[in-house]
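[1] sequence and predicted structure, then a few things I'm wondering about:
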Amino acid sequence: MQTTDPLKPGYNFDAHLVAGLTPIIEGDELDYTIDRPGGMKGYIINITSKGEGTIFCGEQMFHVKPGDLLLFPPSANHFYHRKTDSASWFHRWVYFRPRAFWNDWLSWQEERNGVFLTQGLDAQTIEHIENLFVDIEYTAKSDMPYRDDLAINLLEQLLIRCKTVQPDVVSKPLDPRIIQAINYMTQNLNQDFTLEEIAAHTCLSPSRLGHLFRDEMKMTITQWRDDQRISRAKQLLVTTHYSVNHIGRIVGYSDPLYFSRVFKRKAGVSPKMYREQIT
Ligand code: FCB
């Protein structure tokens, strides 16, 4: 049976974007299980605004509460309803057919039974994201010119926001002791400092510092120091007329052969060639 109300079974989602709010209250006409075993032709993004919902049944079952986000890719099973001990479940949703270049935004870190889930966001982020859902719905339903383009544009913002809050995308601030180590090395780049000296400045043992540095920076202290020295050397090669050996000494290599070797390994060419290519 066909209907023109997307909240009722039988609505044909033959559109690029449909958005709405489903206000499920215990005992009301919308208080049934949304059950689409083969998924849908498009994606659905969903945010709980009030009450709680239950997604899936049996072992795959999980619950969502205000601020939780769900992303159903096409063909992921839709099976959800009001959580039985919650008086209501209000959720906002946007159904859409994505553009090819959105691909990267359409996968989140946590996935349950083919459905992506994001929980635990802070109140301000949730408010911002929920406002985008509201704007999309009102824009799409308005009669303003270019409403479809505007609604799609807001949906892009929503999807990008959701991607940027994924734990694997959010960049974690560096450990303050690593910042201390980096500052110490930057100030003494031309000196022959030892691991023990840096460690003493960070109140860590040399081996603990070595491990922590590797974990946070994904490289060893020596690699990091050499990267910094070589990038300073590159700058001096193109901005001064100092000899190669002199530059090597300025950046911390007293042995010219060793300087050339490290430079070539990092830059792919010798310091002399580098200068000739650029200047
Ligand atoms: C409505 C549901 C909503 C969403 C849209 C596509 O009927 O209430 O959760 O699935 O369909």
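    Arrived safely, thanks for sending.
[2] which residues of the chain fall in helices?
    Using DSSP state H, the helices found in the chain span residues 123-141, 147-164, 176-187, 195-202, 206-217, 221-239, 244-251, 256-267, 271-278.
[3] so can I have TSV of those showing mean pLDDT, distance to the ligand and mean neighbour count?
    In this view, the C-beta of every residue, glycine as well, is placed from N, C-alpha and C. Output for these, formatted as TSV (pLDDT from 0 to 100; distance: least, C-beta to the nearest ligand atom, whole Å; neighbours: other C-beta atoms under 10 Å):
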stretch	mean pLDDT	distance to the ligand	mean neighbour count
helix 123-141	97	12	17
helix 147-164	97	14	17
helix 176-187	94	45	16
helix 195-202	93	52	17
helix 206-217	94	42	16
helix 221-239	94	50	17
helix 244-251	96	61	18
helix 256-267	95	53	16
helix 271-278	91	57	15
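[4] can you add distance to residue 37 and give the ones you listed back as TSV?
    Shown next, in TSV, are the helices of the chain (distance: least, C-beta to C-beta, whole Å):
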stretch	distance to residue 37
helix 123-141	26
helix 147-164	26
helix 176-187	50
helix 195-202	57
helix 206-217	44
helix 221-239	52
helix 244-251	65
helix 256-267	56
helix 271-278	62
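[5] let me see the contact set for the residue lying closest to residue 216 once chain neighbours are set aside.
    Closest residue to residue 216 apart from its sequence neighbours, by C-beta to C-beta, 6 or more residues apart in numbering: residue 178 at 4.9 Å. Neighbouring residues of residue 178 by C-beta atoms under 8 Å, 6 or more residues apart in numbering: 202, 212-213, 216-217.
[6] need the pLDDT of the closest residue to the ligand within the chain.
    For the chain and the ligand, the shortest gap (C-beta to the nearest ligand atom) falls at residue 22, measuring 3.4 Å. pLDDT, residue 22: 98.
[7] which residues pair with it across the strands?
    For residue 22, the beta-bridge partners are residue 91 (DSSP bridges).
[8] I'd say it and residue 93 touch.
    Yes: counting by C-beta atoms under 8 Å, residue 93 is a contact partner of residue 22 at 6.7 Å.
[9] of these two, give the one with the bigger neighbour count.
    Between residue 22 and residue 93, counted using other C-beta atoms under 10 Å, the more crowded position is residue 93 (22 against 18).
[10] would you check how far apart the more buried one and residue 145 are?
    25 Å (C-beta to C-beta, to the nearest Å).
[11] center of this protein, which residue is that?
    For the chain, the residue nearest the mean C-alpha position is residue 169 (2.5 Å; C-alpha atoms, centre = their mean).
[12] identify the residues contacting the residue nearest to it when sequence neighbours are not counted.
    Leaving aside its sequence neighbours, residue 169 sits nearest to residue 163 (C-beta to C-beta, 6+ apart; 6.2 Å). Residues in contact with residue 163 (C-beta under 8 Å, 6+ apart) are 104-105, 108, 169.
[13] try it again at 10 Å.
    102, 104-109, 118, 169 (C-beta atoms under 10 Å, 6 or more residues apart in numbering).
[14] same question, residue 174
    By C-beta under 10 Å, 6+ apart, the residues touching residue 174 are 180-182, 216-217.
[15] now residue 111
    With C-beta under 10 Å, 6+ apart, residue 111 has these contacts: 71, 73, 76, 117.
[16] that one pairs with what?
    Beta-bridge partners, per DSSP bridges, of residue 111: residue 116.
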